[in-house]
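Asker: Fold the following and give me the result.
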Amino acid sequence: MKKKFNFEGFLLVASYFLIAMIIHFVFIYGFRWNKNYSDKEYSYGYYLYRYSYNEYGETRVRITGLTEAGKEQEILIIPEKINDIKVEEISSGSKKAWISNKLKKLYLPKNYLYCTSFSGCPNLEAVIIINFEKNDYLCEDLSIWSSFSGIYCYYPADAYFSKREENRQEAARPANVAFVYNYENAPNNIYWVDIVPYGAKINFIPEDPQREGYRFVGWYKEPECINKWDFEIDSVPEALLDDEGEEIFQEKRLYAKWDRI
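Answerer: Numbers count the residues shown, from 1 in each chain. Modelled structure (predicted):
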């Protein structure tokens, strides 16, 4: 005699399996998610931040927005560390976290892969990535470009031009001013980069670079450090146009001079 299929039993087993999968997801993946980011938001100077944790349990900082003091700044520099903990991400803690009518330039110490939308900063003109290696992500990764919709991101010129033209995103541009460490075995050849209109003065001077056993003297026009750059008088080169009327890229480099202590 043919055995009748026990549909009720099958349904009961399937229900148990479904419940087990839900419990697995909630208590395993949900637990991990809660552990990846802290719920509490802190303030540090101009920034709001939260703690995050990588797969090894190491603590990192996620900057989630601006404090009221931060919203009053025209220029902001994202810190590499907060409370001696590396900043690894820029994102939104809330819809109103990144709103500023005054912010014009934002300097990032590196290319963050997880970023937020800066649509709440209508006067933001440029995002400048300071330290960037030639073999880093640059234009292969699209997350940063979609985040800075309509805003150009500027990179050290060497890194930008090392990429093939077909790999460069439209939002990427080379920075036309570079502050160079100017000594062998420097941590990076480039200390700082910026974007300055051709023919204009450099109106933002970064903090003095540091070198063990040496004192920073100033910024000079050539590697030999003969002529000091005068930020009150000197300007970057005037714009040059090609035969089609397109602006030709020109990089102005300033070189650090050092005196041994």
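Asker: can we go C-alpha only for contacts and neighbour counts from here?
Answerer: Fine.
Asker: Excluding chain neighbours, what is closest to Q250?
Answerer: Distance criterion C-alpha to C-alpha, 6 or more residues apart in numbering; nearest residue to Q250, sequence neighbours excluded, is N176 at 6.2 Å.
Asker: Quick check: the one you found touching E251?
Answerer: Yes - using C-alpha atoms under 8 Å as the test, N176 is close enough to E251 to be in contact (4.3 Å).
Asker: Give me the common contacts of these two.
Answerer: Jointly contacting N176 and E251 under the rule C-alpha atoms under 8 Å, 6 or more residues apart in numbering are A157.
Asker: Looking at the two, which one has more neighbours?
Answerer: Comparing N176 with E251 by neighbour count (other C-alpha atoms under 10 Å), the higher total belongs to N176, at 22 against 18.
Asker: show me the contacts for the more buried one.
Answerer: Neighbouring residues of N176 by C-alpha under 8 Å, 6+ apart: A157, V193, D194, I195, V196, F249, Q250, E251, K252.
Asker: From the residues you listed, keep the buried residues only.
Answerer: Using 16 or more other C-alpha atoms under 10 Å as the burial test, the contacts of N176 include A157, V193, D194, I195, V196, Q250, E251, K252 as buried.
Asker: Can you list the residue ranges for helices in the stretch 1-150 of the chain?
Answerer: For the stretch 1-150 of the chain, the helices defined by DSSP state H, counting those that start in this stretch occupy 7-24, 30-36, 143-147.
Asker: neighbours around K201, how many?
Answerer: Neighbours of K201 under the rule other C-alpha under 10 Å: 16.
Asker: In contact with it, which residues?
Answerer: Applying C-alpha under 8 Å, 6+ apart, we find K201 in contact with F231, E232, I233, D234, S235, V236.
Asker: Kindly report the same for A126.
Answerer: Taking C-alpha under 8 Å, 6+ apart, one finds K104, K105, L106, I151, Y152, C153, Y154 in contact with A126.
Asker: who does it bridge with?
Answerer: For A126, the beta-bridge partners are K105, Y152 (DSSP bridges).
Asker: if I look at it, how far off is Y255?
Answerer: 24 Å (C-alpha to C-alpha, to the nearest Å).
Asker: Ok, G120 next?
Answerer: From G120 over to Y255 the distance is 36 Å, taken as C-alpha to C-alpha.
Asker: now, among the buried ones among the contacts of N176, which is nearest to I130?
Answerer: Closest approach between these and I130, by C-alpha to C-alpha: V193, at 5.6 Å.
Asker: On the strand side of things, show who V177 bridges to.
Answerer: Beta-bridge partners for V177, by DSSP bridges, are D194, K252.
Asker: same question, K201
Answerer: Here K201, judged by DSSP bridges, has bridge partners S235.
Asker: Need the pLDDT of it.
Answerer: Per-residue confidence at K201 stands at 97 (pLDDT).
Asker: One more: S119?
Answerer: Per-residue confidence at S119 stands at 78 (pLDDT).
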